[in-house]
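J.: I would like to see how this sequence folds:
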Amino acid sequence: MAFTVTPEKYVGKIQEVTLGATAAQGGTRSHTVTIGGSNAPPGHCFEGRHPHRPVVALEVFDQAPNKYPDTLRKYYGEVLDRPGDMAKMCVEKYGAEMISVRLEGTHPEKGNRTVDQAVAVVQAVQKAVSVPLIITGHGHYEKNNEVMKKVSEALQGENCLIHRVEKDNYKVIAAACQAYHHSLAAQSPIDVNLAKQLNILLTDLDFSTEKLVIDPLTGALGYGLEYSYSIMERIRNDGLAGDRMLAFPLLVTPGYECAMVKEARVSREAYPAWGDTGSRHAYWETVTALSLLMAGADLLVMYHPLAAAAIKKSIDKLMGNK
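T.: Numbers count the residues shown, from 1 in each chain. Predicted coordinates for the structure are as follows:
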């Protein structure tokens with residue numbers, strides 16, 4: 001007996017957000033990337049349209065993190081300390097569709113790099129690659145606000161995704177994005193109501209809904225992934241049910257989260273039963289990213305090239321491409 005799935009209809013639609021700007025649009029990118037636009041849950045091609053495939057980005061750094069996993073160093077070698085060259089490798093060798101530039105080194109307790117140094121880093125990446133850019137800051141609001149204002153000005157017209165603002169520092173960075181024509185990722189700590197509240201605050205400033213992305217602050221496999229999944233699922237379902245303040249694309253950072261966990265970093269010698277560290281790290285990030293993809297992620301910022309390749313193949317299958 002044949003089983004027929006009865007499609008559900010959803011009254012809402014996820015906002016489309018276009019990132020990057022070509023020369024004709026006032027930027028220097030070779031193309032733009034659009035995320036969002038779905039009117040059905042992830043993978044439910046039988047129930048609605050998914051006009052834009054999820055996007056995989058790789059991340060480069062103003063300075064290599066102290067705890068950067070050895071399993072990743074073998075992929076990037078000396079370019080890890082040269083963000084422009086690393087960005088080029090990520091795009092040309094590992095197929096990154098966007099590049100995230102993490103400016104963690106500007107944090108007062110993690111290097112205290114200057115604003116001018118941050119601008120030099122993002123401009124080096126801007127010249128090295130032509131894909132759209134994500135500029136990722138940190139949680140020290142005073143310094144991050146100072147950095148992001150100048151970086152936004154230096155990349156005026158490029159329509160970068162400035163990642164991130166929170167409820168305690170959104171006004172300054174939102175104003176900079178409006179002034180210099182960038183998009184914005186709004187981060188809230190794994191909570192549906194807080195995500196909605198921050199989006200309301202931003203739209204009260206007349207920040208364009210066409211330039212807004214949600215970062216729900218997810219965890220890695222074994223570190224709150226189930227809770228992260230449930231919150232993302234609720235955000236996406238509420239958006240599809242008609243809540244316009246939750247109907248935005250979702251950005252997740254499985255690379256950053258997995259690079260910090262013990263299971264993806266410790267040596268095989270320390271834990272022989274856990275197997276090869278390199279494979280373990282790739283699997284850990286892949287499982288984390290795939291779970292978040294199925295929860296509704298539209299933009300995944302990753303670290304491990306093998307995990308990124310695996311997720312791109314999974315996206316092909318999810319979109320119906322064999």
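J.: just checking, L300 is part of a helix?
T.: No - L300 is assigned strand when assessed by DSSP: H, G, I helix; E, B strand; the rest coil, not a helix.
J.: hang on, isn't it packed against L292?
T.: Yes - at 6.8 Å, L300 counts as touching L292 under the criterion of CB atoms under 8 Å. Glycine gets a C-beta too; all of them are placed from N, C-alpha and C.
J.: what residues are shared contacts of these two?
T.: V252, P254 (CB atoms under 8 Å, 6 or more residues apart in numbering).
J.: Okay, buried residues for the least confident helix or strand in the chain by mean pLDDT please.
T.: In the chain, the helix or strand scored least confidently by mean pLDDT, DSSP states H and E is helix 70-76, which has a mean of 93. Neighbour-count burial for helix 70-76, counted by 16 or more other CB atoms under 10 Å, picks out T71, L72, Y75, Y76.
J.: ok, then the element right after that helix?
T.: Sequence-wise, the next helix or strand downstream of helix 70-76 (DSSP states H and E) is helix 83-92.
J.: Send me the next helix or strand along the chain from that following helix as PDB with only the CA atoms.
T.: Counting by DSSP H and E, the next helix or strand C-terminal to helix 83-92 is strand 98-102. The C-alpha coordinates for strand 98-102 follow below in PDB (Å, rounded to 0.1, in the frame of the first residue of the first chain):
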ATOM      1  CA  MET A  98      32.300  33.000   1.800                       C
ATOM      2  CA  ILE A  99      35.200  34.000   4.100                       C
ATOM      3  CA  SER A 100      34.800  34.900   7.700                       C
ATOM      4  CA  VAL A 101      37.500  37.200   9.200                       C
ATOM      5  CA  ARG A 102      37.700  36.700  12.900                       C
END
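J.: List the buried residues in strand 98-102.
T.: Neighbour-count burial for strand 98-102 [16+ other CB under 10 Å]: M98, I99, S100, V101, R102.
J.: With pLDDT and distance to L205 added, can I get those in CSV?
T.: CSV is the format used below for the buried residues of strand 98-102 (pLDDT from 0 to 100; distance: CB to CB, whole Å):
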residue, pLDDT, distance to L205
M98, 98, 26
I99, 98, 28
S100, 98, 25
V101, 98, 25
R102, 98, 26
